[in-house]
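Colleague: okay, here's the prediction I keep looking at, along with the sequence it came from:
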Amino acid sequence: MKIIKKLIPFGLMALPFAAGAVESANDLFNLVEEILGKLAPLLIAIAVIVLLVAIINYIRAGEEEEKREKAKSLMIYGIIGLFVMISLWGLVAILSGTFNLDKDIPDIDLLPNF
């Protein structure tokens, strides 16, 4: 947890560089979607691995309460990590659809009129 607190300022310092690399809001949303599209599966995989390791540690702990408590807290962190990553991925998809950034959506002229 201390490592994350140390890395947050560096991430915040990089934001102006990322924002300055785009010319319009559409480019900014495309950049965020591209970055999260590449980063999200990796972070989800890490969260799943953490969750599985915690479950294995919980099972192997047996009657030792201290090890069981550590495994429980690690399971909670794994579940929270999965929830956050999938929520962010969904939020990017919602924003892309809201601002018509999806290139797979057909133009309105191609839809039939009833």
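Modeller: Nice, thanks for sending it over.
Colleague: now the helix ranked longest in the chain: mean pLDDT?
Modeller: As assigned by DSSP state H, the longest helix anywhere in the chain is helix 25-61. Mean pLDDT, helix 25-61: 83.
Colleague: equivalent analysis for stretch 99-106, please.
Modeller: 62.
Colleague: next: stretch 2-19.
Modeller: Stretch 2-19 comes out at a mean pLDDT of 67.
Colleague: center of the protein, which residue is that?
Modeller: Central residue of the chain (CA atoms, centre = their mean): residue 85, 2.8 Å from the mean position.
Colleague: contacting residues for the closest residue to residue 50 other than its chain neighbours?
Modeller: Leaving aside its sequence neighbours, residue 50 sits nearest to residue 78 (CB to CB, 6 or more residues apart in numbering; 4.2 Å). The way it works is simple: take the backbone N, C-alpha and C, and place the C-beta from them, glycine included. Neighbouring residues of residue 78 by CB atoms under 8 Å, 6 or more residues apart in numbering: 47-48, 50-52, 54.
Colleague: of those, closest to residue 31?
Modeller: Relative to residue 31, the closest of those is residue 47; by CB to CB it sits at 23.8 Å.
Colleague: what lies in contact with stretch 53-64?
Modeller: 67-68, 70-72, 74-75, 77-78.
Colleague: how about 7 Å then?
Modeller: By CB atoms under 7 Å, 6 or more residues apart in numbering, the residues outside stretch 53-64 that reach it are 67-68, 71-72, 74-75, 78.
Colleague: buried sites along it?
Modeller: By 16 or more other CB atoms under 10 Å, the buried positions in stretch 53-64 come out as 54, 57-58, 61.
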